[in-house]
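1. whatever this is, show me its structure:
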Amino acid sequence: FEVPEEFPPEVLAEAERVAAAPVDLPTEDLTEVPFLTIDPPGSMDLDQAMHLERDGDGYRVRYAIAHLPSFVPPGGAIDAEARRRGQTVYAPDTRTPLHPPVFSEARASLLPGQVTPAYVWDLRLDA
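-> Presented below is the predicted three-dimensional model:
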């Protein structure tokens, strides 16, 4: 299926740069919200998280997704490689990531105990 195994050197270099100094960071601080992820133990590429709480007779749901614009400059090497790859490919014995692990499994991942930029939707549901 011609799934790429390695990232080109220019993509890895750009990933190291942006992981060290993300740009276009969101301004709202939600670090006090106890988000959780629903991923297998040991997963490091956590790109989605949620928080659910009672809100009167209903519920408040917050859904977060990693803020990739902080790490993927439009038109850059990472952007071009991600468009070429299209998605993370999961196989029985391996996973070929969409983005370089230096940020997809570290700095841009919604890992516990780490402050990571994210988009957050705040939904209020009735009973």
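
2. and stretch 115-127, average pLDDT?
-> Across stretch 115-127, the average pLDDT comes to 94.

3. list the buried residues of it.
-> 116-118, 120 (16 or more other Cβ atoms under 10 Å). C-beta here means a position set from N, CA and C on the backbone, and glycine is covered the same way.

4. the helices in the protein, which residues?
-> For the chain, applying DSSP state H gives helices covering 9-20, 77-85, 101-102.

5. sorry, back to before: what is the nearest of the buried residues of stretch 115-127 to residue 101?
-> Closest to residue 101 out of the buried residues of stretch 115-127 is residue 116 (14.7 Å), distances taken as Cβ to Cβ.

6. which residues touch that closest one?
-> Counting by Cβ atoms under 8 Å, 6 or more residues apart in numbering, residue 116 touches 66-67, 107-110.

7. gap between it and residue 17?
-> For residue 116, the distance to residue 17 (Cβ to Cβ, to the nearest Å) stands at 17 Å.

8. show residues contacting stretch 16-34.
-> 51, 62, 64, 67, 69-73, 78, 102-103, 106-108, 115, 117-120.

9. can you show me the strands along this structure?
-> 48-55, 58-66, 89-91, 94-96, 118-125 (DSSP state E).

10. distance from stretch 46-55 to the middle of the chain?
-> Offset of stretch 46-55 from its chain centre (Cα atoms, centre = their mean, to the nearest Å): 14 Å.

11. may I see the buried residues of it?
-> Quick answer for stretch 46-55 (16+ other Cβ under 10 Å): 46-47, 49-51.
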